[in-house]
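**Q** Fold the following.
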Amino acid sequence: MQKRLWMFLAVLLCIGAGDLVIGYASGGFSLPSSKKSVVVSTAPAQAAKSVEVKSEDATSTPVVEANSTVVKVVDGDTIEAELDSDKKVYKIRFLGINTPETVDPRKAVECFGKEASDKMKELVSGKRIRLEADLQADERDKYGRLLRNAYLEDGTDLNAFMVREGYAYAYLSFPLDARRKAELKKLEQDAKMAGRGLWSPDACGGRK
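**A** Have a look, this model is predicted:
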């Protein structure tokens, strides 16, 4: 009887060799499927699309703490701004620079004046800026305008920018920090050498 049982098992093993697996470790038998196994997941049926998050432009992150808001650009070297300190609007004259005239009723519009005014509008119209006094300079000019250095929130030095790019002359006749005077004078010389802005031989048809 025992011999027949072993023969019967041997026949079964031969017949089902390709389909029968003895699951000795699990204590029983398992029948493999000819199809690929299916994995059941608890994840959503449709995976969410990857979203690339781009960091903001570095220039949009303030590096200078603003203390005023520009409400009007008068010309290339003069603006009107509301100060955070008292919420009043003041006329501001940029220290150490002078742009060609555009609004003085006693004078004709000067060469490159419109370009300088347009550039200042592009730079600061409606923007938050920082205004800083110079301890070596006067607080106000003879017209009552506050004399200030001005900076964009990205750190751009507006006074220096206007001279360096040839939109303004270095205006050094009045009291000013000595290092600032030297800086603005050097920037004007560089602009001349490079022929930028009002120093270009083609500016205003060669008129200055």
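**Q** Leaving out the residues flanking it, which one is nearest to residue 158?
**A** Spatial nearest neighbour of residue 158, chain neighbours left out: residue 150 (4.3 Å); criterion: C-beta to C-beta, 6 or more residues apart in numbering. Using the backbone N, CA and C atoms, a C-beta is placed for each residue, glycine as well.
**Q** Roughly how far does the one you found sit from residue 164?
**A** In this structure, residue 150 and residue 164 are 14 Å apart, going by C-beta to C-beta, to the nearest Å.
**Q** out of the two, which sits in the more crowded spot?
**A** Set residue 150 next to residue 164 and count neighbours by other C-beta atoms under 10 Å: residue 150 wins out with 24 against 20.
**Q** model confidence over the helix or strand where that one lies, on average?
**A** Using DSSP states H and E, residue 150 sits in strand 146-152. Average pLDDT, strand 146-152: 98.
**Q** got a list of what the residue nearest to residue 158 touches?
**A** By C-beta atoms under 8 Å, 6 or more residues apart in numbering, residue 150 lies in contact with 79, 92, 94, 124, 129-132, 158-159.
**Q** Could you do residue 160 as well?
**A** So residue 160 contacts 183-184, 187 (C-beta under 8 Å, 6+ apart).
**Q** Narrow those to those in strands?
**A** Using DSSP state E, the subset of the contacts of residue 160 located in strands is empty.
**Q** Can I have the buried ones of these as a PyMOL selection?
**A** Of the contacts of residue 160, the buried ones go into a single PyMOL selection, burial set by 16 or more other C-beta atoms under 10 Å:
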select buried, resi 183+184+187
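**Q** Of the contacts of residue 160, just say which sits nearest to residue 172.
**A** residue 184 (6.7 Å; C-beta to C-beta).
**Q** Identify the residues contacting the closest one.
**A** Residue 184 makes contact with 96-97, 159-160, 163, 170-172 under the criterion C-beta under 8 Å, 6+ apart.
**Q** By neighbours, which of the contacts of residue 150 wins?
**A** Among those, the one with the most neighbours (other C-beta under 10 Å) is residue 79, at 28 neighbours.
**Q** Can you list the strands that the helix or strand containing that residue pairs with?
**A** Following DSSP H and E, one finds residue 79 within strand 78-83. Strand 78-83 has these partner strands in its sheet, going by DSSP bridges: strand 68-75 (antiparallel), strand 89-94 (antiparallel).
**Q** export those to CSV and tack on mean pLDDT?
**A** Compiled in CSV, the strands paired with strand 78-83 are given as follows (pLDDT from 0 to 100):
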stretch, mean pLDDT
strand 68-75, 97
strand 89-94, 98
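**Q** Can you add distance to residue 62 and give these back as CSV?
**A** Output for the strands paired with strand 78-83, formatted as CSV (distance: least, C-beta to C-beta, whole Å):
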stretch, distance to residue 62
strand 68-75, 14
strand 89-94, 20
